[in-house]
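okay, sequence plus prediction incoming.
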Amino acid sequence: MAAKYWDVSLGEYHRSLSKSAFVRALQRLMPELTSDDLVPGGSGVRAQALDIHGKLLDDFHFVHTDGVVHVCNVPSPAATASLAIGKYIVDTVVKHNDHGIGDLN
């Protein structure tokens, strides 16, 4: 993955080290934003899932096992609170349980 997406990584490092580069990137989404609008804060790590061929997974990836729906590659912590995602998970467990797969207890 590092060899394939080296240019993306370089851009991420550049924006991390240069406030002006970071602001320019943000201004593509919010043109009125200035460097004065930004305040220092903590950083985090977001794991990025790959498929079996090394391609980045851009969205949720659901894995079903007996009685469990694993939600992988969550693009945003806030997205895990989505009612639509919760409904999908419940519907999937119910569907699989109706077919005798898994145990909800």
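Okay, I see it. Residues are numbered from 1 along each chain as shown.

so where is the chain shaky, pLDDT-wise?
45-46, 67, 75-81, 98-105 (pLDDT under 70).

any chance you could map the helices in it?
For the chain, helices defined by DSSP state H occupy the ranges 6-17, 19-27, 83-98.

so can I have a markdown table of these showing distance to Val63?
C-betas here are computed from N, CA, C, even on glycine. Converted to a markdown table, those look like this (distance: least, CB to CB, whole Å):
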| stretch | distance to Val63 |
| --- | --- |
| helix 6-17 | 26 |
| helix 19-27 | 33 |
| helix 83-98 | 11 |
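
those: which one's closest to Gly44?
helix 6-17 (12.3 Å; CB to CB).

export the helices of the chain to CSV and tack on distance to Val39 and mean neighbour count?
Shown next, in CSV, are the helices of the chain (distance: least, CB to CB, whole Å; neighbours: other CB atoms under 10 Å):
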stretch, distance to Val39, mean neighbour count
helix 6-17, 16, 11
helix 19-27, 11, 13
helix 83-98, 31, 12
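
nearest to Lys55, out of the ones you listed?
Closest approach to Lys55 among those is made by helix 6-17 (13.2 Å; CB to CB).

does anything pack onto the closest one? Which helices or strands?
With contacts taken as 3 or more CB pairs under 8 Å, 6 or more residues apart in numbering; DSSP states H and E, helix 6-17 sits against helix 19-27.

relative to Asp66, which of the helices of the chain is closest?
Checking the helices of the chain against Asp66 by CB to CB gives helix 83-98 as the closest, at 8.1 Å.

now for that closest one, which elements pack on it?
Partner elements for helix 83-98 (3+ CB pairs under 8 Å, 6+ apart): strand 61-65, strand 68-72.
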